[in-house]
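Colleague: Model the following, please.
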Amino acid sequence: AAPHLRGTTAGFVNLFNQIGVMLAPMILGSMLTATGSYQSALMTLAIAPVIGAIALFFVRLK
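Modeller: Presented below is the predicted three-dimensional model:
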């Protein structure tokens, strides 16, 4: 990010991180209740970082 936008960028990263921290237990708990198995919840936890890593390949650096 541009030097004058670094604080804003860090704030948005932190915002979305905290939203994920708040929602993840509820979503994964609902998946556990719906399926009766930890498998779908654990697969979600494994796949989410992979999607993030793939998304990094599309970030353009100047």
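Colleague: can you list the weak-confidence ranges in this structure?
Modeller: Counting by pLDDT under 70, the ranges of the chain that qualify are 1.
Colleague: one more time with 90
Modeller: 1-3, 5, 48, 59-62 (pLDDT under 90).
Colleague: quick one: contacts of the helix or strand harbouring Ala53?
Modeller: Under the assignment given by DSSP states H and E, the secondary-structure element containing Ala53 is helix 39-56. The set of residues external to helix 39-56 that reach it, using C-beta atoms under 8 Å, 6 or more residues apart in numbering, is Ile27, Leu28, Met31, Leu32. Quick note: C-beta positions are derived from backbone N, CA and C, even for glycine.
Colleague: again with stretch 16-31
Modeller: Ser40, Ala41, Thr44, Leu45.
Colleague: can I get those in JSON lines with distance to Lys62 and neighbour count?
Modeller: Converted to JSON lines, those look like this (distance: C-beta to C-beta, whole Å; neighbours: other C-beta atoms under 10 Å):
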{"residue": "Ser40", "distance to Lys62": "40", "neighbour count": "14"}
{"residue": "Ala41", "distance to Lys62": "39", "neighbour count": "18"}
{"residue": "Thr44", "distance to Lys62": "34", "neighbour count": "13"}
{"residue": "Leu45", "distance to Lys62": "33", "neighbour count": "12"}
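Colleague: Taking the contacts of helix 39-56, please make a PyMOL selection of just the buried ones.
Modeller: Command for PyMOL that selects the buried part of the contacts of helix 39-56, burial taken from 16 or more other C-beta atoms under 10 Å:
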select buried, resi 28+31
